[in-house]
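Participant: A structural model of the following input is requested.
(3 chains)
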Amino acid sequence: MLATSVSHVEPSIELANLVSEKVRAWYSANQRNLSFRHTKDPYLIWLSEIILQQTQVKQGLPYYEKFKDTFPTVEALAGASQDEVLRLWQGLGYYSRGRNLHHTAQIITEAHKGIFPNSYTELLKLKGIGSYTAAAIASFAFGEAVAVLDGNVFRVLARLFGVDTDITSGAGKRIFSDLAAKILCPEQSAMHNYAMMEFGSQLCKPHHPDCVNCPLQEVCVANQKGRQRELPFKAKKIKLKEKFFHYLVVQKDGLYAFNKRDDSNIWAGLYEFPLIETLSHHAPLPSCELLAEPKKHLLIHQKLWIHFWQVAELPSASSSTGWFSAQQIETLPKPKPITEFCAKLCKI
DNA sequence: CATGCGTGGGG
DNA sequence: TCCCCAAGCAT
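Facilitator: Predicted coordinates:
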């Protein structure tokens, strides 16, 4: 599944040109009619780009229109109060975008005397403008030859060139920005960037890419190999899950109930007290006595809460339990929390 | 570099 | 129900 070192296709100049030409031709015939694409006013382009960060056009468009009507210029936006701006932003989410928008409008109005910074490098210095937005404004408003790299472009490039490097990793960012730069048509950067994003959002879609009608199907690695579904590759976000382990300390005739863990889980093959896993700290059985404070045990993507309960008898359900003396247990391989608990138990 | 930040929609 | 995704950025 996960490939660490994969030799994806390195596009030749010819292939790079072909890709840009085909995508731009597709765009000319298939682009949606979106008002913010029909302006070169850097203020309006900036406004639309901020609103559309992590936001679908359908959701953001009404906000763009509202802001454009209410604040037609950067000075008008700068002159508003933060409350007015956030009131207009209400419901769109990611409210720091609204705060930064207002703040940056004031910087441009005052420090830049109302003149919008006109290069990728200068734009990047403004609050709320990162690499994507700087490239978007620089190319759309000023024709600078910089390639945008957003979620759509990641997807198009990953599929087209068969790149299965994790797009969230540092290595991935490098590979994809190199590829994006390589296929950019410098004389047509605005059109190229619009086209790449539109192509990704309308044809090379995440779930049902329209490969049958794709002008690049013959050069697309994912299409050749049927890997559209796997690309782009993102490492699964590791969510720290909380688990509650309850160990039952049961003594019978001087022997302790003790089990060997099966090999399909953590601590495979090690020994432990009979275990009940629940969803809370609460006692797992009606009559049992807590022997120690719950112990936190951190694994790579799990937080375990370990409890030890003294119990008179084993629940009838538990099977295949062995019985061992304290001396025998001492010699058995055990997980760290069990070892620690046993050590404490011996001292008492 | 991992995480938090919002809301709406789809599988 | 849950997870992923949508024109990312700041910390």
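Participant: burial of A:Val146, as a residue count?
Facilitator: Neighbourhood size, A:Val146 [other C-beta atoms under 10 Å]: 24. Every C-beta, even on glycine, is put in place using the N, C-alpha and C of the backbone.
Participant: and it, how far is that from A:Val212?
Facilitator: 33 Å (C-beta to C-beta, to the nearest Å).
Participant: also A:Leu15?
Facilitator: A:Leu15 sits 22 Å away from A:Val212, going by C-beta to C-beta.
Participant: all the helices of the stretch 101-250 of chain A, residue numbers only.
Facilitator: A:120-123, A:131-142, A:151-161, A:170-183, A:189-202, A:221-225 (DSSP state H, counting those that start in this stretch).
Participant: got phi/psi on whatever residue of the stretch 1-150 of chain A ends up closest to DNA strand C?
Facilitator: Closest to DNA strand C within the stretch 1-150 of chain A is A:Gly130: 2.4 Å, counting by C-beta to the nearest atom of the strand. Dihedral pair for A:Gly130: phi -110, psi -160, per degrees, to the nearest 10.
Participant: follow-up on the earlier one: of A:Leu15 and A:Val212, which one has the most company?
Facilitator: A:Leu15 (17 against 7).
Participant: what helix or strand does the more buried one sit in?
Facilitator: Using DSSP states H and E, A:Leu15 maps to helix A:13-30.
Participant: ok, A:Ala76 next?
Facilitator: Judged by DSSP H and E, A:Ala76 forms part of helix A:74-79.
Participant: got the buried residues for the helix holding A:Leu15?
Facilitator: For helix A:13-30, the neighbour count (16 or more other C-beta atoms under 10 Å) marks A:15-16, A:18-20, A:22-24, A:26-27 as buried.
Participant: swap in stretch A:65-75?
Facilitator: Buried, per 16+ other C-beta under 10 Å, within stretch A:65-75: A:67-68, A:71, A:74.
Participant: and for stretch A:27-43?
Facilitator: A:27, A:36, A:41-43.
Participant: can I get these in JSON lines including secondary structure?
Facilitator: Below are the buried residues of stretch A:27-43 laid out as JSON lines (DSSP: H, G, I helix; E, B strand; the rest coil):
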{"residue": "A:Tyr27", "secondary structure": "helix"}
{"residue": "A:Phe36", "secondary structure": "helix"}
{"residue": "A:Asp41", "secondary structure": "coil"}
{"residue": "A:Pro42", "secondary structure": "helix"}
{"residue": "A:Tyr43", "secondary structure": "helix"}
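Participant: count the residues that sit near whichever residue of the stretch 151-300 of chain A sits closest to DNA strand B.
Facilitator: In the stretch 151-300 of chain A, the residue that lies nearest DNA strand B is A:Gly170 (3.5 Å; C-beta to the nearest atom of the strand). Neighbours of A:Gly170 under the rule other C-beta under 10 Å: 8.
Participant: cool, the one 10 residues further on as well?
Facilitator: A:Ala180 is flanked by 22 other residues according to other C-beta under 10 Å.
Participant: which residues does it contact?
Facilitator: Contacts for A:Ala180 (C-beta atoms under 8 Å, 6 or more residues apart in numbering) come out as A:147-149, A:153, A:157, A:196.
Participant: same thing but 10 Å
Facilitator: A:135, A:146-150, A:153-154, A:156-157, A:192-193, A:196 (C-beta atoms under 10 Å, 6 or more residues apart in numbering).
Participant: those residues: which ones sit near DNA strand B?
Facilitator: Filtering the contacts of A:Ala180 for proximity to DNA strand B (criterion: C-beta under 7 Å from any atom of the strand) leaves nothing.
Participant: and those residues as a markdown table, adding distance to DNA strand C and pLDDT?
Facilitator: As requested, these are arranged in a markdown table below (distance: C-beta to the nearest atom of the strand, whole Å; pLDDT from 0 to 100):
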| residue | distance to DNA strand C | pLDDT |
| --- | --- | --- |
| A:Ala135 | 8 | 96 |
| A:Val146 | 12 | 97 |
| A:Ala147 | 13 | 96 |
| A:Val148 | 8 | 95 |
| A:Leu149 | 8 | 94 |
| A:Asp150 | 4 | 93 |
| A:Val153 | 8 | 94 |
| A:Phe154 | 8 | 94 |
| A:Val156 | 10 | 95 |
| A:Leu157 | 13 | 95 |
| A:His192 | 14 | 97 |
| A:Asn193 | 10 | 96 |
| A:Met196 | 10 | 96 |
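Participant: tell me the most packed of these, by neighbour count.
Facilitator: In these, the most neighbours by other C-beta under 10 Å go to A:Leu157, 30 neighbours.
Participant: just the pLDDT for A:Ala25.
Facilitator: The per-residue pLDDT reported for A:Ala25 equals 97.
Participant: same check on A:Glu230?
Facilitator: If you check A:Glu230, the pLDDT there is 89.
Participant: let me know whether it touches A:Val163 as I believe.
Facilitator: No - contact criterion C-beta atoms under 10 Å: A:Glu230 and A:Val163 do not qualify, at 11.1 Å.
Participant: of these two, which one has the most company?
Facilitator: A:Val163 (25 against 15).
Participant: for whichever strand or helix holds A:Trp309, buried residues please.
Facilitator: Secondary structure assigned from DSSP H and E places A:Trp309 in strand A:302-310. Buried residues in strand A:302-310, defined by neighbour count with 16+ other C-beta under 10 Å: A:304-309.
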